[in-house]
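Enquirer: here is my input, please return the structure:
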Amino acid sequence: MQPKFSADEKVLCFHGPLLYEAKILKSKKEAGTYMYFVHYQGWNKNWDEWVTEPRMLKQVAENFEKQKKLLATHMAQTKANKQAKKVEKAKKVKGGSDSGSNSRASTPVSDRPAGRPPKRSLADDEVSTSSRDDDVSNPPSTPVTTKESSRK
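Expert: Model prediction:
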């Protein structure tokens, strides 16, 4: 069995559902099947890969037409899928909560006061009763003596 393709030949190669232009860099025969290492034209070499003959087509006008049809079909399907997801997402938003709003806040926005809330003051039950606080706020009334005043 002879290989259908040779090194340095330009081909069309399937990668997923689409056909891409590629160049055969090298080939090998593995378990009775020919495999080709291809470089996709215009793509980084990280995309180079080993492919089998069924994924490859000769570069002829008929196959270029097939490439264009596959691309058009793929683009139409992608667009239809995006539209379907958009419609599905819109349905979920409409039936999502009891209030019908998309807000996660517990208080409706229209009921909130504008601006920043006022500063919080200490309530009677939050006023500190520790003796340490009293020491700081009410210093002792005993006079302070110094060495000079005690010598007199």
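
Enquirer: for Trp50, which non-adjacent residue is closest in space?
Expert: Using CB to CB, 6 or more residues apart in numbering and skipping the chain neighbours, the partner closest in space to Trp50 is Met35 (4.9 Å). Just so you know, the C-beta spots here come from the backbone N, C-alpha and C atoms, and that holds for glycine as well.

Enquirer: now that neighbour: which helix or strand?
Expert: In this structure, Met35 sits in strand 33-40 according to DSSP states H and E.

Enquirer: list the contacts of that strand.
Expert: Residues outside strand 33-40 that contact it (CB atoms under 8 Å, 6 or more residues apart in numbering): 1, 3-5, 11, 13, 15, 20-29, 45, 47-53, 56.

Enquirer: could you list the buried residues of it?
Expert: 34-40 (16 or more other CB atoms under 10 Å).

Enquirer: strands of the protein, residue ranges please.
Expert: 10-15, 18-30, 33-40, 49-52, 56-58 (DSSP state E).

Enquirer: got the angle between the longest one and strand 10-15?
Expert: Spelled out, it's strand 18-30. Orientation check (axes from the mean of the first three to the mean of the last three CA atoms, to 10 degrees): strand 18-30 against strand 10-15 gives 100 degrees.

Enquirer: listing partners with orientation, what would you give for strand 18-30?
Expert: If you go by DSSP bridges, strand 18-30 pairs up with strand 10-15 (antiparallel), strand 33-40 (antiparallel).

Enquirer: to Ala61, which of those strands lies closest?
Expert: In terms of CB to CB, the element of the strands paired with strand 18-30 nearest to Ala61 is strand 10-15, at 11.4 Å.

Enquirer: hmm, who's touching the closest one?
Expert: 5, 19-24, 38, 40-41, 47, 51, 55-59, 63-64, 66-67.

Enquirer: could you redo the last one with a cut-off of 7 Å?
Expert: 5, 19-24, 38, 40, 51, 55-59, 63, 67 (CB atoms under 7 Å, 6 or more residues apart in numbering).

Enquirer: so for Lys29, what's the pLDDT?
Expert: Here the pLDDT value assigned to Lys29 is 93.

Enquirer: and for Pro143?
Expert: pLDDT, Pro143: 56.

Enquirer: which stretches of this structure have low pLDDT?
Expert: 94-115, 117-118, 122-152 (pLDDT under 70).

Enquirer: at 50 instead, please
Expert: Applying pLDDT under 50 to the chain flags residues 152.
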